[in-house]
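S.K.: what follows is a protein structure lacking sequence information:
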């Protein structure tokens, strides 16, 4: 993935002009960083100063730049999906159709008739059928993810929620599902998930700086704790765009990329959900039809979006954590700034 140079396309200048207009209007407030690539080449990269937090800890005003690590929040889940796919290819974890409790046998005491039917795939698609609520603020114990992180055993907490419907029927946003998949990866690989990520994903991509926030017990938070630079997040997207290969080296199997980014549930009126990946469509004026994308989205406005038909990858960092409409500024940036420029 190259840096911008004198060969920047018309799209770059158009994006720059539209970006300045959007910033002036206040429609994309809170932007910390953006890297946009097309065909593996960076066509736009911008950074801004702004107040930042890491997992609720106030970092003050940060002068964001290409080397600044930033919370991914729930984009972490999409990276965990890749790690599960890598471990699956290595036969270190059981396949998605395996009952979840078979993969975590120390919790066999929880295996009632319905819970026994929950599979790894149900966790990956957030369709476990258990009671879970992340609609309340992440500052409250009433938020299921926060309650899980503060519990004496996060995996038991995630597994032992009341059953409200048969597994595999409906999608309910569930950070506990990511904690469970993260544990399956770590136990199957025989090392902490952050070390497995370093060995199998980050180092092969040349990513030498990252952080993974740990909970009170020292275990990395698989639902939301990863921190990367915007460039390195875009690098992961370009690896996916290349079918899971980087410099001709296979990193993630192309089959897993296709399998995990295929929509399996309707999560919102506009978006589907695969294996910890959001899915949707966008229209380029030059094409005139809706084209599919897949993405990781995180609290505050963090994005990794891959738009295969246009050979585009977008990584975005925003600082609008816990705001009720944090999704609006990055959506406006995509719809009102980037898509029109790509169509010029």
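M.R.: Received it, and whenever you're ready, just let me know what you need. Here the structure is a predicted model, which is why all the values come from computation and not from measurement.

S.K.: what average pLDDT does stretch 193-213 get?
M.R.: Averaged across stretch 193-213, pLDDT comes to 98.

S.K.: what's next to it, contact-wise?
M.R.: Stretch 193-213 is contacted from outside by 54-55, 67, 69, 71, 79-80, 82-83, 86-87, 182, 185-186, 189, 191, 220-222, 224-229, 232, 235-236, 239, 246, 249, 251-252, using CB atoms under 8 Å, 6 or more residues apart in numbering. Placement of C-beta: from N, CA and C, glycine included.

S.K.: among these, which are in strands?
M.R.: Among these, the members found in strands (DSSP state E) are 54, 71, 226, 227, 228, 246, 249.

S.K.: want to throw those into a markdown table with neighbour count and pLDDT?
M.R.: Listed next are the ones in strands among the contacts of stretch 193-213 as a markdown table, based on neighbours: other CB atoms under 10 Å; pLDDT from 0 to 100:
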| residue | neighbour count | pLDDT |
| --- | --- | --- |
| 54 | 17 | 96 |
| 71 | 29 | 98 |
| 226 | 30 | 98 |
| 227 | 18 | 98 |
| 228 | 28 | 98 |
| 246 | 19 | 98 |
| 249 | 10 | 96 |
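
S.K.: now the buried members of the contacts of stretch 193-213.
M.R.: Neighbour-count burial (16 or more other CB atoms under 10 Å) applied to these gives 54-55, 69, 71, 79-80, 82-83, 86-87, 182, 185-186, 189, 220-222, 224-229, 232, 235-236, 239, 246, 251-252.

S.K.: which ones among the residues you listed map onto helices?
M.R.: 79-80, 82-83, 86-87, 182, 185-186, 189, 232, 235-236, 239 (DSSP state H).

S.K.: quick one: which of those is nearest residue 215?
M.R.: In terms of CB to CB, no member of those lies closer to residue 215 than residue 182, at 11.1 Å.

S.K.: how close does that closest one get to residue 208?
M.R.: Residue 182 sits 22 Å away from residue 208, going by CB to CB, to the nearest Å.

S.K.: which residues are contacting stretch 147-159?
M.R.: Where contact means CB under 8 Å, 6+ apart, the residues beyond stretch 147-159 that reach it are 100-101, 104, 107, 110, 115, 141, 174-177, 179-180, 183, 215-217, 219, 221.

S.K.: in this structure, which segments are predicted with low confidence?
M.R.: Applying pLDDT under 70 to the chain flags the ranges 1-12.

S.K.: need the buried ones from the contacts of stretch 147-159 selected in ChimeraX.
M.R.: To isolate the buried members of the contacts of stretch 147-159 in ChimeraX, using 16+ other CB under 10 Å:
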select :100,101,104,107,115,174,175,176,177,179,180,183,215,219,221
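
S.K.: residue 320: how many residues sit nearby?
M.R.: 22 (other CB atoms under 10 Å).

S.K.: that one contacts residue 300, correct?
M.R.: Yes: counting by CB atoms under 8 Å, residue 320 does reach residue 300; the two are 5.1 Å apart.

S.K.: what is in contact with those two at once?
M.R.: Residues touching both residue 320 and residue 300 (CB under 8 Å, 6+ apart): 30, 326.

S.K.: list the buried residues for stretch 64-80?
M.R.: 64, 68-80.

S.K.: tabulate those residues in JSON lines, adding columns for distance to residue 203.
M.R.: Below are the buried residues of stretch 64-80 laid out as JSON lines (distance: CB to CB, whole Å):
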{"residue": "64", "distance to residue 203": "24"}
{"residue": "68", "distance to residue 203": "20"}
{"residue": "69", "distance to residue 203": "16"}
{"residue": "70", "distance to residue 203": "20"}
{"residue": "71", "distance to residue 203": "22"}
{"residue": "72", "distance to residue 203": "18"}
{"residue": "73", "distance to residue 203": "23"}
{"residue": "74", "distance to residue 203": "24"}
{"residue": "75", "distance to residue 203": "20"}
{"residue": "76", "distance to residue 203": "18"}
{"residue": "77", "distance to residue 203": "21"}
{"residue": "78", "distance to residue 203": "19"}
{"residue": "79", "distance to residue 203": "14"}
{"residue": "80", "distance to residue 203": "17"}
